[in-house]
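J.: any chance you could fold what I've pasted below:
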Amino acid sequence: MAMFCSGFPLAPATAFINNALEVRLDAHKFLVYRRAFAEEAASIGTWGRTNKAAAGTEQWHPYAPGLYHRFCCPQACGSSSFKSCPWLLS
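T.: The predicted structure follows:
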């Protein structure tokens, strides 16, 4: 604000008016427009299946690099076995 005072002397006044107006409008919005009450649902729908799938795949996380290199690019290791791949942990 201090930088704009030299170029626009009314900057503090316009900022104050803006903030006062914004506070009044927000107060009006909070008092007049109420949020609807939540409704109870039987389940969380698709998110339940998504979470189960994510939890099921987490157990395979340590093996993911080996499985990827074994099945998607065996030519990179020269063989399709886990032991022959030099960058995989054993």
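J.: now the lengthiest helix in the chain: average pLDDT?
T.: As assigned by DSSP state H, the longest helix anywhere in the chain is helix 11-32. The average pLDDT for helix 11-32 rounds to 94.
J.: same thing with stretch 38-57?
T.: Stretch 38-57 carries an average pLDDT of 82.
J.: buried ones in that stretch?
T.: Within stretch 38-57, no residue counts as buried by 16 or more other C-beta atoms under 10 Å. Placement of C-beta: from N, CA and C, glycine included.
J.: stretch 30-39 too?
T.: When burial is assessed from 16+ other C-beta under 10 Å, stretch 30-39 yields no buried residues.
J.: can you start the count at 178 instead of 1 from here on
T.: From this message on, residue numbering opens at 178, which makes the last subject stretch 207-216.
J.: how about it as CSV, C-alpha atoms only?
T.: Presented in CSV, the C-alpha positions along stretch 207-216 are these (Å, rounded to 0.1, in the frame of the first residue of the first chain):
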residue,chain,number,x,y,z
PHE,A,207,-23.4,-15.9,5.8
LEU,A,208,-26.7,-14.7,7.4
VAL,A,209,-29.0,-15.0,4.4
TYR,A,210,-27.7,-17.9,2.3
ARG,A,211,-27.6,-21.0,4.6
ARG,A,212,-25.9,-24.2,3.7
ALA,A,213,-28.1,-27.2,3.2
PHE,A,214,-28.1,-30.0,5.8
ALA,A,215,-26.2,-33.1,4.9
GLU,A,216,-28.2,-36.1,4.0
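J.: picking up where we left off before, show me what the helix or strand just after the longest helix of the chain is packed against.
T.: Note on helix 188-209: by DSSP states H and E, the next helix or strand toward the C-terminus is helix 223-235. Under the contact criterion of 3 or more C-beta pairs under 8 Å, 6 or more residues apart in numbering; DSSP states H and E, helix 223-235 touches no helix or strand at all.
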